[in-house]
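1. Mind looking at a prediction? Sequence and model below.
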Amino acid sequence: MQAIIYNQKGNEAGKIELPAKVFAAKWRADLVHQVVEGMRSNSRAGTADAKGRGEVRGGGKKPWKQKGTGRARHGSSRSPIWVGGGVTHGPLREKNYQKKISKKMRVQALFSVLSRKFKDNEILFVDSLQPVEIKTSLAEEIVKNLTKAGGWAPIYKPQKPRILAALSEKNNKTEKSFRNLSALQIALLRNLNPMEVLNYKYLLIENPGESVKFLESRN
């Protein structure tokens, strides 16, 4: 299975042989859902806390006598039905949201997502994203060229980034050039995970020779 490698002008710069286990894996919706929901759950801070009727201040004295007032009977002003009272079944700090996700599950879910995106023509391989100088206009031109080369829908100042660019290694020149583009977000390939890849419509993989080799080595 081969894929085209593009240069910054959107022209073909070569081809690369792709490992089937990474880019031709079976789509496993159940596994992807389990891993993504587990990651979302693990990212919760778990600091939300509400006080029950026994924790709020006041309410020690009965508001009024039981009978003869014509009003409904109440034993405490800290009841959940009173303003300023305790909360019924509110969130508690001691609740644990952590879910176990094995390394193998995470990797297989990532391969499944990458294979689906590759099949849907939402992955593009580019030899290098580093512009000749740190300049947003040059970075914008590179994105336009690659978008056109991949046959992707034009992107006009989206509310959130639609392209994820995965770098094989940290590159300050590339990061500074692309950081002002609202359509694109920079990430390191070694940190890719299923949830992050699914948050974006398209994926750019830079330096495909090293990047694909690294992905294939993950187990």
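-> Structure received. Residues are numbered from 1 along each chain as shown.
2. rest of the way, CA atoms for contacts and neighbours
-> Noted.
3. what about the helices in this structure?
-> Assigned helices in the chain, in chain order: 20-23, 29-42, 103-119, 136-150, 172-178, 194-198, 208-217 (criterion: DSSP state H).
4. Can you give me the neighbour number for Pro161?
-> 18 (other CA atoms under 10 Å).
5. tell me the most buried of the helices of the chain?
-> Among the helices of the chain, helix 103-119 has the highest mean neighbour count (mean count of other CA atoms under 10 Å), at a mean of 20.
6. one step back: can I get the helices of the chain in TSV including distance to Asn96 and mean pLDDT?
-> Shown next, in TSV, are the helices of the chain (distance: least, CA to CA, whole Å; pLDDT from 0 to 100):
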stretch	distance to Asn96	mean pLDDT
helix 20-23	33	94
helix 29-42	9	96
helix 103-119	21	96
helix 136-150	42	92
helix 172-178	36	92
helix 194-198	21	95
helix 208-217	32	93
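7. So what are the structural domains in the chain, by residue number?
-> 2-44+100-217, 45-96 (automatic domain parsing).
8. What is the neighbour count of the nearest residue to Val212 once chain neighbours are set aside?
-> Using CA to CA, 6 or more residues apart in numbering and skipping the chain neighbours, the partner closest in space to Val212 is Leu18 (7.2 Å). The tally of other residues near Leu18 (other CA under 10 Å) stands at 17.
9. From Trp27, how far off is Leu18?
-> 17 Å (CA to CA, to the nearest Å).
10. okay but Ala3 is in contact with Ala13, surely?
-> No - in this structure Ala3 lies outside contact range of Ala13 using CA atoms under 8 Å: 11.0 Å.
11. mind listing what Ala166 touches?
-> Residues in contact with Ala166 (CA atoms under 8 Å, 6 or more residues apart in numbering) are 186-189, 192, 203-206.
12. from the residues you listed, which would you call buried?
-> 186-189, 203-206 (16 or more other CA atoms under 10 Å).
13. Restricted to strands, list these.
-> 186-188, 203-206 (DSSP state E).
14. Let me have those in TSV, extended by distance to Ala45.
-> Listed next are these as TSV, based on distance: CA to CA, whole Å:
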residue	distance to Ala45
Ile186	25
Ala187	23
Leu188	24
Leu203	29
Leu204	31
Ile205	31
Glu206	33
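15. Would you mind checking which of the residues you listed is nearest to Glu216?
-> For those, the residue nearest Glu216 by CA to CA is Ile205; the value is 13.9 Å.
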